[in-house]
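1. Here's my sequence, what's the structure:
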Amino acid sequence: MARVFCVPALFFIFAAFVLLFIVSISLPYLTAMDITRVHTNTGSASALSGNDTTTELRFGIWAYCYDLANGNRVCSNTGHGYSVTVSNTQGNSVTIGSSWTRGLAVHPVAAGVSFIALLLALSQHITMTLFASLVSFIAALLTFIAFIIDIALYAYVKNQMENLGFSSGDTITGPGFWLTFTAMLLLLLGGCTVCFGRRRDRMANATPAASSSPKDGFFSRFKRN
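-> Residues are numbered from 1 along each chain as shown. Sure thing, here's the model as predicted:
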């Protein structure tokens, strides 16, 4: 693949892989990489553990974390498809079930596929570049699905928090939400760039067919040299 396309393609796919890898680690290991965040220190306080009042609740891929009023941060056990119950000061409660968090595991799957696309993009073979573009688009599709799941989780949490009396501005999207969106765009750019590079290589390696006129096409073989 031509250098003018190879370098940008590798950059786009590598950057997307790094972003998805960081998002995939998520809570409780990287507490800043949450998908949805709820500020609970306004108006109505919430309780997640006994009578402990929380000021912030974060939803990650593998766990949820919440900040207590005394400044401590508590995270749930790490697992696939967790659930959390939130209650307000009036005693009302809602539960964010595992059906809304189980699909978040698509993020590490997209990260793995993007890494495969990166390895394929390192090859200069024209067939391997074809696979690199296809795998990059598959990774972009998986990232798009992960982003849709993020949107669904955010919308559901926002709705449930409003039912508890929190304002609409208390529930926001976390950094992991936007990093997933950025990775999806980078994978699309990377896949398109690989396609353009492969097309340029094919055009450069193509040999133009010899043109012949109607007069010389058949009878030229009988002419004396």
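2. was I right about G174 contacting V38?
-> No - between G174 and V38 there is no contact under CB atoms under 8 Å: 10.0 Å. C-beta here means a position set from N, CA and C on the backbone, and glycine is covered the same way.
3. Which neighbours do these two have in common?
-> Common neighbours of G174 and V38, counting by CB atoms under 8 Å, 6 or more residues apart in numbering, are R58.
4. Next SSE downstream of the longest helix anywhere in the chain?
-> Counting by DSSP state H, the longest helix found in the chain is helix 126-163. Using DSSP states H and E, the helix or strand that follows helix 126-163 towards the C-terminus is strand 171-173.
5. Packing partners of that following strand?
-> Counting contacts by 3 or more CB pairs under 8 Å, 6 or more residues apart in numbering; DSSP states H and E, strand 171-173 is packed against strand 36-39, helix 126-163.
6. Partner strands of the first one and their direction?
-> The strands beside strand 36-39 in its sheet (DSSP bridges) come out as strand 52-59 (antiparallel), strand 171-173 (antiparallel).
7. related to what we said a few turns ago, so which of the helices and strands packed on strand 171-173 is the most surrounded?
-> Each of those was scored by mean neighbour count; the highest is strand 36-39, a mean of 23, by mean count of other CB atoms under 10 Å.
8. could you give the mean pLDDT of that one?
-> Throughout strand 36-39, pLDDT has a mean value of 92.
9. May I have stretch 123-134 exported as CSV, CA atoms only?
-> The C-alpha coordinates for stretch 123-134 follow below in CSV (Å, rounded to 0.1, in the frame of the first residue of the first chain):
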residue,chain,number,x,y,z
SER,A,123,1.0,-6.0,5.6
GLN,A,124,1.8,-4.6,2.1
HIS,A,125,0.2,-7.6,0.3
ILE,A,126,-2.7,-6.5,-1.7
THR,A,127,-4.9,-9.4,-0.5
MET,A,128,-4.1,-8.7,3.1
THR,A,129,-5.0,-5.0,2.7
LEU,A,130,-8.4,-6.2,1.4
PHE,A,131,-8.9,-8.2,4.6
ALA,A,132,-7.7,-5.3,6.6
SER,A,133,-10.4,-3.0,5.2
LEU,A,134,-13.1,-5.6,5.7
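10. residues contacting F144?
-> Neighbours of F144 in contact, by CB under 8 Å, 6+ apart: M184.
11. how close does it sit to V74?
-> For F144, the distance to V74 equals 33 Å [CB to CB, to the nearest Å].
12. which stretches of the protein have low pLDDT?
-> 1-6, 41-52, 197-225 (pLDDT under 70).
13. Strands of that one, residue ranges please.
-> Listed in chain order, the strands of the chain (DSSP state E) span residues 36-39, 46-49, 52-59, 64-68, 73-75, 84-88, 93-96, 171-173.
14. out of those, which comes closest to A9?
-> Nearest of these to A9, taken as CB to CB: strand 171-173 at 28.9 Å.
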